[in-house]
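# build me a model:
(one chain, ligands or ions: 1)
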Amino acid sequence: MTVLSPRPDLWTLDPGVLHLNHGSYGAVPRRTQEVMAALRTEMDANPMVWFRTVADRLTASRLALAEFLQTDPDGFALVPNASAGVTVALQTLPIPAGSRIVLTDHVYGAVRYAAERFAKDRGAEVVKIPIPLEADDETVVRLIEPQLDGASVLIVDQITSGTAKVFPIEALVGAAHAQDVPVVVDGAHAPALIDAPAAGGADFWTGNFHKWPAAPRATAGLVVAERWRAATMPLIVSWSEYDERLPERFDMQGTYDYVPWIAAPESLRVLAELDWSVRRPQLTALVEEGASLLAKALGTGVAEVVHPSATMRLVELPSWVDLSGGDTLKMRISRELKAEITFTGYEERNFIRLSAHAYNALADYEKLSEGLPRVLG
Ligand SMILES: Cc1ncc(COP(=O)(O)O)c(C=O)c1O
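Prediction:
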């Protein structure tokens, strides 16, 4: 396999910092930032002209993003983030009183809050299914399937946030649809990590371009199955309220900053030039090696996740490390080690979730492995 060299030069990330958590908020390449700056200059030179041209520019951008996902552009709408995508889906689906909103114990916290809000509002109940890290695809389906009786919706992650585990979307959609249960897929991490991520047949799929495709923040997509397209409305009521076309209804959301959406395709071009399909497995190998180094340095192990995500790995934290201070430890690591990492957990276990993107090199993980045991003390 061709080995591609790291390209930190394409980013504006502080070189004095170890950036090992792309998975949380991404990072925007220099070129995309330049495109955004030029667009903002244009907007502020003549806002009237800018807002007259926004609709056409959004169409071009939306088509490019839909093509990147390999999805039907007529069912693809722009939303600011995966949280908004899930909220739109839950707002659209019928959730009758007494029904169950089914999700798993890997659900992203804010998505669970959305489920709880709609459950409370509609008199439904949230049912959380435990899925062990060690569960293979077949087991995941076997654990979820019996809980779908009386469900109004199944919400499932495509790649879990805290545990970086890939769920078998197509099989879960098949199992849910066999019981007439609509499926909402939270694919926040999926774009650029899974090819054609919205192809699993879900009723609603949402995913972030501002994570792995390195698009400007507040760029996400919502893919809606044909049967729900007419009923799916944006969260903000604006001038496109009566537009019969789903994507266009979501395009114009009042006076809003459309620059990130318009600039996003530049990041897709950067990924293409990075030879992403070759680079992604290399980044996965890199983060695996980095995670092993760190686990060795901490005297722990790399969590054995069945069907782990590309480009992210979990390193077990020693059991004596105290995370009860919220962000305090992360801030100490940031200050003393100049390293940005994130902690996640599952059941009683805590992890460091490491990421690798095209700006990372093995030396980053080596430096973290050298310094972290000292800081954890
Ligand atoms: C699985 C999952 N769902 C939803 C979200 C929320 O994404 P956003 O903050 O872009 O709405 C995240 C963010 O990390 C996530 O990992």
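# what residues does this protein have near the ligand?
Proximity of the chain to the ligand (Cβ under 6 Å from any ligand atom) is limited to residues 81-83, 108, 110-111, 157, 161, 186, 188-189, 208. For the C-beta atoms, the positions are set from N, CA and C on the backbone; glycine is no exception.
# those residues, buried ones only, as a ChimeraX selection?
In ChimeraX, selecting the buried portion of the residues of the chain next to the ligand, with burial taken from 16 or more other Cβ atoms under 10 Å, looks like this:
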select :81,82,83,108,111,157,161,186,188,189,208
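# return the subset of the residues of the chain next to the ligand lying in strands.
157, 186, 208 (DSSP state E).
# tell me who's in contact with the second one.
Spelled out, that is Asp186. When contacts are counted by Cβ atoms under 8 Å, 6 or more residues apart in numbering, Asp186 touches 82, 85-86, 107-108, 111, 155-158, 206.
# let's go with 10 Å and repeat that
The neighbours of Asp186, taking Cβ atoms under 10 Å, 6 or more residues apart in numbering as the test, are 82-83, 85-86, 89, 103, 106-108, 110-111, 114, 155-161, 167, 202, 204-208.
# tell me the pLDDT at it?
You'll see Asp186 listed with a pLDDT of 99.
# just give me the closest of the ones in strands among the residues of the chain next to the ligand to His357.
Asn208 (14.0 Å; Cβ to Cβ).
# related to what we said a few turns ago, ok, of the residues of the chain next to the ligand, which one's closest to Ala310?
His189 (9.4 Å).
# burial count for the nearest residue to Glu304 once chain neighbours are set aside?
Among residues not flanking Glu304 along the chain, Glu134 sits closest, at 6.5 Å (Cβ to Cβ, 6 or more residues apart in numbering). Counted with other Cβ atoms under 10 Å, residues neighbouring Glu134 total 11.
# so Phe351 touches Thr300, yeah?
Yes - between Phe351 and Thr300 there is a contact under Cβ atoms under 10 Å: 9.3 Å.
# now for those two: what residues contact both?
With Cβ under 10 Å, 6+ apart, Phe351 and Thr300 have common neighbours 315-317.
# of all the residues you listed, which comes closest to the ligand?
Val315 (18.1 Å; Cβ to the nearest ligand atom).
# any idea what the closest one is bridged to?
Applying DSSP bridges to Val315 gives these bridge partners: Val302, Ile352.
# got the residue ranges for the strands in this protein?
For the chain, the strands defined by DSSP E cover 18-19, 76-79, 100-104, 125-129, 151-157, 183-186, 204-208, 220-224, 312-316, 339-340, 342-346, 349-355.
# what does the first one contact?
Outside of strand 18-19, the residues within contact range by Cβ under 10 Å, 6+ apart are 8, 11, 13, 27, 333-334, 337-341, 355, 357, 359-360, 363-368, 371-372.
# buried subset of those, written for PyMOL?
With 16+ other Cβ under 10 Å as the criterion, this PyMOL line picks the buried residues out of the contacts of strand 18-19:
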select buried, resi 8+11+13+27+333+337+339+340+341+355+357+359+360+364+365+366+368+371+372
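# what about the contacts of strand 18-19, which are in helices?
333-334, 337, 363-368, 371-372 (DSSP state H).
# next up, the contacts around Glu138.
Applying Cβ under 10 Å, 6+ apart to Glu138 gives the contacts 168, 171.
# Val185 versus that one, what's the distance?
19 Å (Cβ to Cβ, to the nearest Å).
# what's the answer for Thr104, then?
12 Å.
# overlap in contacts of the two?
154-157, 167, 172.
# turn those into a markdown table, including pLDDT.
Below are those laid out as a markdown table (pLDDT from 0 to 100):
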| residue | pLDDT |
| --- | --- |
| Leu154 | 99 |
| Ile155 | 99 |
| Val156 | 98 |
| Asp157 | 98 |
| Phe167 | 98 |
| Leu172 | 98 |
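# pull out the buried residues from those residues.
Here, 16+ other Cβ under 10 Å leaves 154-157, 167, 172 buried among these.
# which of these lies closest to Glu241?
Ile155 (26.8 Å).
# is it true that that closest one touches Ala119?
No - between Ile155 and Ala119 there is no contact, the gap being 11.1 Å when judged by Cβ under 10 Å.
# tally up the residues packed near Arg245, please.
As a burial measure, Arg245 scores 12 neighbours (other Cβ under 10 Å).
# how near is it to the ligand?
Noted for Arg245: a distance of 24 Å to the ligand, by Cβ to the nearest ligand atom, to the nearest Å.
# dump the residue contacts of the residue nearest to that residue when sequence neighbours are not counted.
Using Cβ to Cβ, 6+ apart and skipping residues adjacent in sequence, the residue nearest Arg245 is Asp74, 7.3 Å away. Taking Cβ under 10 Å, 6+ apart, we find Asp74 in contact with 66, 224, 226, 229, 245-247.
# repeat for Ala356
So Ala356 contacts 6, 20, 22-23, 279-280, 282-291, 310-313, 362, 364-365 (Cβ under 10 Å, 6+ apart).
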